[in-house]
Structures are given as structure tokens and as C-alpha cells.
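Asker: Predicted model follows, preceded by the sequence.
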Amino acid sequence: QVQLVESGGGSVQAGGSLRLSCAASGYTYSTYSMAWFRQAPGKEREGVAAADSDGNTRYSDSVKGRFTVSKDNAKNTLYLQMNSLKPEDTAVYYCAADAKATGLYGGEYNYWGQGTQVTVSS
């Protein structure tokens, strides 16, 4: 049974940093693509960053240059380092995983975490 548990969310002022973690279990972690999505109130879910099984990464234009996604296969954990945070980054952030996903389209991912809140104040 695949389980994804996010942590690391919180409140921060604009310009600050946070690191999100997603602990995975129940599957062969290194063979899966994983990604971070976010959803702000009243807005559609947005793909933020993805890392495939080969270590290739992809970012949305809105976070490119500020966020960094990484996979630690030894710890079965996905990270999202978020720097230079802006109020518009405020959202619930979700971790997702799938064996066949290739990018930032949510429909590709079958497994999701429960989400962690990130709030950035101006």
C-alpha cells in the first residue's frame, strides 16, 4: 500500500524559505516519478516540480529559479526546497507519486499525500 506523508509546511514572511518533505512507503521508491503540486483557495491545482526515476527534474514557470526538488532514494523521501517565497506561493502543497508519470500533469499521478499548508505573508 503506497503511503505519502508530507511535512515541513508552516508560515513564513515573504523572502523566506521552507523545505517540504514527503516520506514514501509501500513501493519501490527509486522506480517512481514524484512531484509536488499545490492548490490555493479558489484556484485549480497546479503542478510545481517533478523528479522522475532517472533524476530529471521539471518546474513550473512560476517557481523556476526559486524552488528545488530532490529525491533521496536511500531515505525514500522527496524534498522541495522553497526560497524567495512570495505571498502567491501560499497554498496546500501535495506530494504525488506514480510509476508512469512524466511531468506536472496531476492526472498522471495515482498516489497522493494529505497535503501540508504553506502560508507566506507580505
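Answerer: Arrived safely, thanks for sending.

Asker: can we go C-alpha only for contacts and neighbour counts from here?
Answerer: Noted.

Asker: Show me where this structure has its strands.
Answerer: 3-7, 10-13, 18-25, 33-39, 46-51, 57-59, 67-72, 77-82, 91-98, 111-112, 116-121 (DSSP state E).

Asker: The third one - contacts with which helices or strands?
Answerer: Counting contacts by 3 or more Cα pairs under 8 Å, 6 or more residues apart in numbering; DSSP states H and E, strand 18-25 packs against strand 3-7, strand 77-82.

Asker: and the first one, how far out from the chain's middle?
Answerer: In other words, strand 3-7. Put simply, strand 3-7 sits 10 Å off its chain's centre (Cα atoms, centre = their mean, to the nearest Å).

Asker: Return the set of buried residues in that strand.
Answerer: Buried residues in strand 3-7, counting neighbours by 16 or more other Cα atoms under 10 Å, are found at Gln3, Leu4, Val5, Glu6, Ser7.

Asker: got the CA positions of that strand in CSV?
Answerer: Output in CSV follows, covering the C-alpha atoms of strand 3-7 (Å, rounded to 0.1, in the frame of the first residue of the first chain):
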residue,chain,number,x,y,z
GLN,A,3,1.7,6.0,1.5
LEU,A,4,2.9,9.5,1.1
VAL,A,5,3.3,11.8,4.1
GLU,A,6,4.2,15.4,3.7
SER,A,7,5.8,17.6,6.4
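
Asker: This completes my enquiry, with thanks.
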